[in-house]
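Q: After the sequence you'll find the predicted model.
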Amino acid sequence: MTYEGNTYLPVRAVAGALNVAVDYDKETSTVLLGEKTEGVVIKTQKFSDADYSKDKKHTTYANKDYQEVLYDVRDALRSGSFMLFPDKKYQKLYLQIGAVGADIPKIKIEDGQAKALLKEESVAVKDGMKTIEVDISGVKELFIYFEKLQSDAGYVVPLTTSYYK
């Protein structure tokens, strides 16, 4: 659908009501509905950066350098979390997570505004880099929560290979 005058606003309202991702391509003056054919890497979108790292000792996992990651390993039993902000522009999240030091028994991915659980997973060290697919249609904010991380254990989330569609 092509943007003409105020056409984009009613399309956004209808798409929002139906929980369909909507975006606008300025270059082609086109409104885009639904899942994108090409992935959009997380690092190009807004994310909480409390545990953001470009340090090779954090970005290298299983002998691969991911260059930019969200990384958390601490020396105490605790939980961990971060947020992503897809802003209702995407249908799916493909989140890669690697367990560091010990298995991650429970990862919850929630709609940050509705407080609705979208996916619950676990990641074992033996899994290597695990990709978790989550339906995020109509979601503005995502809260990713890691329960009961052991001492000297944590996670690495590559921002260069995790993506939205």
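A: Cool, got the structure. Quantities reported herein were computed from a predicted structural model and do not represent experimental measurements. Residues are numbered from 1 along each chain as shown.

Q: contacts and neighbour counts: CA atoms only from here.
A: OK.

Q: Now do the domain split for the protein, please.
A: Here the domain assignment for the chain is 1-34, 40-164, based on automatic domain parsing.

Q: Now tell me which of the ones you listed the model trusts least on average.
A: Sorting the domains of the chain by mean pLDDT places domain 1-34 lowest, at a mean of 55.

Q: so which of the domains of the chain is the most packed in?
A: Highest mean neighbour count of the domains of the chain: domain 40-164, a mean of 18 (counted as mean count of other CA atoms under 10 Å).

Q: Name the SS class of residue 57, please.
A: helix (DSSP: H, G, I helix; E, B strand; the rest coil).

Q: ok, now residue 126?
A: Per three-state DSSP, residue 126 ends up helix.

Q: gap between residue 85 and residue 62?
A: With distances taken as CA to CA, to the nearest Å, residue 85 is found 28 Å from residue 62.

Q: Also residue 138?
A: To residue 62, residue 138 is 34 Å away according to CA to CA.

Q: do residue 75 as well
A: 21 Å.

Q: just the helices in this structure please.
A: Ranges of helices within the chain are 8-17, 56-59, based on DSSP state H.

Q: ok now the shortest one, how far from the chain's centre?
A: Read it as helix 56-59. 20 Å (CA atoms, centre = their mean, to the nearest Å).

Q: could I have that helix exported to PDB, CA atoms only?
A: What follows is helix 56-59, C-alpha atoms only, in PDB (Å, rounded to 0.1, in the frame of the first residue of the first chain):
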ATOM      1  CA  LYS A  56      36.100  -9.600  23.200                       C
ATOM      2  CA  LYS A  57      36.200 -11.400  26.500                       C
ATOM      3  CA  HIS A  58      32.400 -11.000  26.600                       C
ATOM      4  CA  THR A  59      31.500 -11.100  22.900                       C
END
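
Q: For residue 84, name its beta-bridge partners.
A: residue 47, residue 142 (DSSP bridges).

Q: Correct me if wrong: it contacts residue 48.
A: Yes. Counting by CA atoms under 8 Å, residue 84 does reach residue 48; the two are 6.4 Å apart.
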